[in-house]
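>>> next come a sequence and a model predicted from it.
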There are 2 protein chains.
Amino acid sequence: MKYIQVDNQQSLVFSETVMPEIAADECLLKVKAIGVNRADLLQRAGKYPPPMGESLILGLEVSGEIVQCGEYAGVNHLAKPWKVNDKVFALVAGGGYAQYVKVKAKQLFSLPEHFTFEQGAACAEVFLTAYQSLFSIANLADKGNVLIHAGASGVGSAAIQLAKAKDCYVVTTVSSEIKAQACLALGADVAINYQEMDFVAYSKANMPLGFDIIIDVIAGEYVAKNIKVAALDGHIVTLSMLGGRYCAQLDIAKLLAKRLTLSASTLRNRSEGYKAQLVADFINDFYAELATGQIKPVIDSVYPWQQVEQAHKKMANNENIGKLILVVS
Amino acid sequence: MKYIQVDNQQSLVFSETVMPEIAADECLLKVKAIGVNRADLLQRAGKYPPPMGESLILGLEVSGEIVQCGEYAGVNHLAKPWKVNDKVFALVAGGGYAQYVKVKAKQLFSLPEHFTFEQGAACAEVFLTAYQSLFSIANLADKGNVLIHAGASGVGSAAIQLAKAKDCYVVTTVSSEIKAQACLALGADVAINYQEMDFVAYSKANMPLGFDIIIDVIAGEYVAKNIKVAALDGHIVTLSMLGGRYCAQLDIAKLLAKRLTLSASTLRNRSEGYKAQLVADFINDFYAELATGQIKPVIDSVYPWQQVEQAHKKMANNENIGKLILVVS
């Protein structure tokens, strides 16, 4: 099969390799579309090795058709057995940048009717990450105040919609006016362009009680700022550190005064059991909303997979609003 | 009634004031014994003002006898109505250093049979704080690895016993050999005298998987050290900052790599509803063990309340193993 290889110069080149062999609890998919993630860029740069035992090929989420089912693949969310030709989308621990990929059956989602494969490939990573952050980790309650940094990113777009589905008041930060408009269109109550306004100043003036939950992919100097705008008993969830690895000075007195919780979370290296439960919980809570379009993946651009380099470049330059998708041909 | 007043020079002097008036959901106690807490020292020094609306008198936990019951005082843990002459111990939001104190009825515990008032006064703050940290906040699972800093403190002594009751492996840090022996006598598996051995070096050599839960009253430079010895998905609970207010450099990459959670928690300024639930949960999970002596308060010294100054001095000098108790006469 064809796949996209990272060569010695960290360039992306097409190559050939053997087909994956599935285990009894897995399905083999013919990949139709691939979601691009920042983790792909990190892995390509040699900064994010795949978990032990997983494929060395890039790619954490795909959509496609089942071409082979393991003996214990089990059933879909309607309790019907997974079968060949089922259209699906899925989280994968690696191996997505290829014509075929194996998937743990419990990490498969049926592709909702009327969904294109491109839309399917744009769902798993962002919605599961946002769902995990807001619900599994931070126990989002209805009508809370939520701050979402990088609101126009894939995870940000998903988090805005999930929080609004729970009647929360959602403030986002973005890097441009066009991204601000995109966040507002998704339902965000406020979008702060951080190039023009400091979110701490905004929050202190307008949100005196602070934020119950803060979803942050920036870290760095945002850690101390998040603490300033967090509410009593607030929960700050850090998913990445695009803004830097270190918080220069963590003030424990402020943490104690507000009884704050800081969680750092990732999804890829979680156990199979954790991911299976997360998928089941998300399907239970939000599959209907996804199928009816009440919540929806946000797609920035779709590229033929031969143009993977352009997609990576756009993400590296932080120019995308929502997901970048590769179509396999 | 008599009470201990903090005068303008921050000295403790006996004074007279009016009796507290109870609300319908409160009881009035004749105080028999008082637990001394570090918060008392902070409040005395003007560094920890009482929550809005609470008594300005020192004192967060007492034992005594009910002398008056509000109309809606409700029932004890055996579903019998609270009544005058019941022997109890209790968490109070302030006002304990006095002959009489009012208490929310839902924060009362029946004094177990065979308990002295001194033992009763040594229970509420430490066991509820330890219980809250281990169970409500960090979701302690059976057989986890737990690190408890200041293991010979009141909270430390309580946390050791609660964690051992759940078959955890418990490592403590202490400042002296005699405190180490006290921790081991309470069931701790290891007691590290930090004057002689670095707990990070010890932990790396002996606990390669790290600690699932770390209970820390030190903070300061311990924050970074705790992160080093935490396990994957570990939870660090900070209760105080005896070692300093700031963590010089928080490394987000380490938090993400281990998917850590840092929580800062206090008990005193929690809502009435939260405290009532905490008391009910603790009674449900551990009252029997307390009554049978399977877990027990650790008392360092008992003083007549006229010697409150000695008790404060001993705590300030970090010389106590377990609780310091004042007897009211």
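On my side now, so go ahead.

>>> residues of chain A that sit close to chain B?
Selection of chain A residues close to chain B by Cβ under 8 Å from any Cβ of the partner chain yields A:219-220, A:223, A:238, A:240-241, A:244-253, A:255-256, A:258-266. C-beta here means a position set from N, CA and C on the backbone, and glycine is covered the same way.

>>> which residues touch whatever helix or strand residue A:64 lives in?
Secondary structure assignment for residue A:64, by DSSP states H and E: strand A:61-69. The contact list for strand A:61-69 (Cβ atoms under 8 Å, 6 or more residues apart in numbering or on different chains) reads A:22, A:27-35, A:37, A:81-92, A:96, A:100-101, A:103, A:105, A:108, A:111, A:117-121, A:123-125, A:328.

>>> of these, buried ones?
Neighbour counting over the contacts of strand A:61-69 (16 or more other Cβ atoms under 10 Å in any protein chain shown) leaves A:22, A:27-35, A:37, A:82, A:86-92, A:96, A:100-101, A:103, A:105, A:108, A:111, A:117-121, A:123-125, A:328 as the buried ones.

>>> which residue ranges of the stretch 201-329 of chain A form helices?
In the stretch 201-329 of chain A, the segments counted as helices under DSSP state H, counting those that start in this stretch are A:222-229, A:252-258, A:272-291, A:308-316.

>>> need these in a markdown table (columns: mean pLDDT).
Shown next, in a markdown table, are the helices of the stretch 201-329 of chain A (pLDDT from 0 to 100):
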| stretch | mean pLDDT |
| --- | --- |
| helix A:222-229 | 98 |
| helix A:252-258 | 96 |
| helix A:272-291 | 96 |
| helix A:308-316 | 97 |
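
>>> deepest in the core, which of these is it.
helix A:222-229 (a mean of 21; mean count of other Cβ atoms under 10 Å in any protein chain shown).

>>> list the helices and strands it packs on?
Applying 3 or more Cβ pairs under 8 Å, 6 or more residues apart in numbering or on different chains; DSSP states H and E, one finds that helix A:222-229 makes contact with helix A:199-206, strand A:211-216, strand A:230-238, strand A:250-251, helix A:252-258.

>>> what's near enough to touch the residue nearest to residue A:166 when sequence neighbours are not counted?
Nearest non-adjacent residue to residue A:166, counting by Cβ to Cβ, 6 or more residues apart in numbering or on different chains: residue A:142, 4.9 Å away. Applying Cβ under 8 Å, 6+ apart to residue A:142 gives the contacts A:166-168.

>>> got the CA positions of stretch A:127-145 in CSV?
Only the C-alpha atoms of stretch A:127-145 are listed here, as CSV (Å, rounded to 0.1, in the frame of the first residue of the first chain):
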residue,chain,number,x,y,z
PHE,A,127,-14.3,16.3,19.5
LEU,A,128,-12.9,13.6,21.7
THR,A,129,-10.1,16.0,23.0
ALA,A,130,-12.6,18.7,23.7
TYR,A,131,-15.1,16.3,25.3
GLN,A,132,-12.4,14.7,27.4
SER,A,133,-11.2,18.1,28.6
LEU,A,134,-14.6,19.6,29.4
PHE,A,135,-16.4,16.6,30.8
SER,A,136,-14.0,13.8,31.8
ILE,A,137,-11.4,16.0,33.3
ALA,A,138,-13.1,19.3,34.3
ASN,A,139,-16.7,18.1,35.0
LEU,A,140,-18.3,20.9,33.1
ALA,A,141,-21.6,21.9,34.6
ASP,A,142,-24.4,23.5,32.7
LYS,A,143,-24.2,27.3,32.5
GLY,A,144,-20.6,27.6,33.6
ASN,A,145,-18.2,30.3,32.4
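
>>> report the central residue of chain A.
In chain A, the C-alpha nearest the mean C-alpha coordinate belongs to residue A:126, at 2.3 Å (Cα atoms, centre = their mean).

>>> is residue A:200 in contact with residue A:225, as I believe?
Yes. In this structure, residue A:200 is within contact of residue A:225 by Cβ atoms under 8 Å, at 5.0 Å.

>>> how about the strands in the stretch 101-250 of chain A?
A:108-110, A:145-148, A:169-174, A:190-193, A:211-216, A:230-238, A:246-247, A:250-251 (DSSP state E, counting those that start in this stretch).

>>> CSV for those, including mean pLDDT and distance to residue A:183?
Shown next, in CSV, are those (pLDDT from 0 to 100; distance: least, Cβ to Cβ, whole Å):
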stretch, mean pLDDT, distance to residue A:183
strand A:108-110, 97, 25
strand A:145-148, 98, 8
strand A:169-174, 98, 4
strand A:190-193, 98, 4
strand A:211-216, 98, 13
strand A:230-238, 98, 18
strand A:246-247, 94, 25
strand A:250-251, 96, 29
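
>>> which one of those lies closest to residue B:75?
For the strands of the stretch 101-250 of chain A, the distance to residue B:75 is smallest for strand A:230-238, at 29.3 Å, taking Cβ to Cβ.

>>> that closest one pairs with which strands, and in what direction?
strand A:211-216 (parallel), strand A:261-264 (parallel) (DSSP bridges).

>>> chain neighbours aside, what residue packs nearest to residue A:74?
Closest to residue A:74 by Cβ to Cβ, 6+ apart is residue A:105, at 5.3 Å.

>>> show the contacting residues for the one you found.
Here residue A:105 is in contact with A:25-27, A:69-70, A:72-74, A:82 (criterion: Cβ under 8 Å, 6+ apart).

>>> try it again at 6 Å.
A:25, A:27, A:73-74, A:82 (Cβ atoms under 6 Å, 6 or more residues apart in numbering or on different chains).

>>> for residue A:3, same thing?
Applying Cβ under 6 Å, 6+ apart, the residues near residue A:3 are A:17, A:57, A:97-98.

>>> ok, residue A:138 touching residue A:235?
Yes. With contact defined as Cβ atoms under 6 Å, residue A:138 and residue A:235 form a contacting pair (4.1 Å).

>>> who touches both of those two?
Joint contacts of residue A:138 and residue A:235 (Cβ under 6 Å, 6+ apart) are residue A:213.

>>> make a markdown table from the strands paired with strand A:230-238 and add mean neighbour count to it.
Below are these laid out as a markdown table (neighbours: other Cβ atoms under 10 Å in any protein chain shown):
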| stretch | mean neighbour count |
| --- | --- |
| strand A:211-216 | 27 |
| strand A:261-264 | 24 |
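
>>> can these go into CSV with extra columns for distance to residue B:322?
As requested, the strands paired with strand A:230-238 are exported to CSV (distance: least, Cβ to Cβ, whole Å):
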stretch, distance to residue B:322
strand A:211-216, 37
strand A:261-264, 29
